[in-house]
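Visitor: sequence plus predicted model, see below.
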Amino acid sequence: MATNRARVDGTYLPYVDEGNGRPVVLVHGGMSDHRIWDDHRPIIASRYRVIAPTLRYYRTSPWSDDGRNFAVQTHADDLATFIRMLDLGPVGVVGWSYGAVIGLAMAVLRFGIIDFPSALAATTSCAGPIGKVIGGMASV
């Protein structure tokens, strides 16, 4: 499977795109990249269009800064921009661990970008970074 690249806010996000149908974005966890989905992607792609990006600051891509912007908000914004750049419309999101946190934050901050019920399996609590993002929404 060929790896594509999308330019998002000053950095390139590698991603794979496979299949046809309703788009589903697979978001990796904190200790991996888009390759974590290699065994699952073909199965899902038999029914859906599957897009699996690698988030900023992961894998071997050069960092766009010294890491000062590494945050749930940055990754959620990048993911939303990535989805809009590819003109995917509303999507399903499947996130694993930190990827689920990013999917949830994006769903809260960018309402309407997620189309159908998605699988978000996180190993975190709302007392952590996602709690800060959701807590910030109280004033919106």
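Guide: Now that the structure is in, tell me what you want to look at. Residues are numbered from 1 along each chain as shown.
Visitor: low pLDDT regions in this structure?
Guide: Counting by pLDDT under 70, the chain contains low-confidence ranges at 1, 111, 116-140.
Visitor: okay, which residue is most central for it?
Guide: The residue lying closest to the centre of the chain (C-alpha atoms, centre = their mean) is Val27, at 4.2 Å.
Visitor: correct me, but that residue touches Val93?
Guide: Yes - judged on C-beta atoms under 8 Å, Val27 makes contact with Val93 at a distance of 6.4 Å. In this view, the C-beta of every residue, glycine as well, is placed from N, C-alpha and C.
Visitor: my guess is Phe70 contacts Tyr58, does it?
Guide: No - taking contacts as C-beta under 8 Å, Phe70 lies outside contact range of Tyr58: 9.9 Å.
Visitor: neighbour count for these two, which is higher?
Guide: A direct count of neighbours by other C-beta atoms under 10 Å for Phe70 and Tyr58 places Tyr58 higher, at 21 against 14.
Visitor: and that one, how far is that from Arg110?
Guide: Tyr58 sits 21 Å away from Arg110, going by C-beta to C-beta, to the nearest Å.
Visitor: do His75 as well
Guide: 12 Å.
Visitor: neighbour count: the two, which is higher?
Guide: Each of His75 and Arg110 has its neighbours counted (other C-beta under 10 Å); His75 has more, 25 against 16.
Visitor: mind listing what the more buried one touches?
Guide: Leu55, Arg56, Ile102, Ala105 (C-beta atoms under 8 Å, 6 or more residues apart in numbering).
Visitor: farthest pair within the residues you listed?
Guide: The most widely separated members of the contacts of His75, counting by C-beta to C-beta, are Arg56 and Ala105 (14.1 Å).
Visitor: report the longest helix in this protein, please.
Guide: As assigned by DSSP state H, the longest helix anywhere in the chain is helix 72-85.
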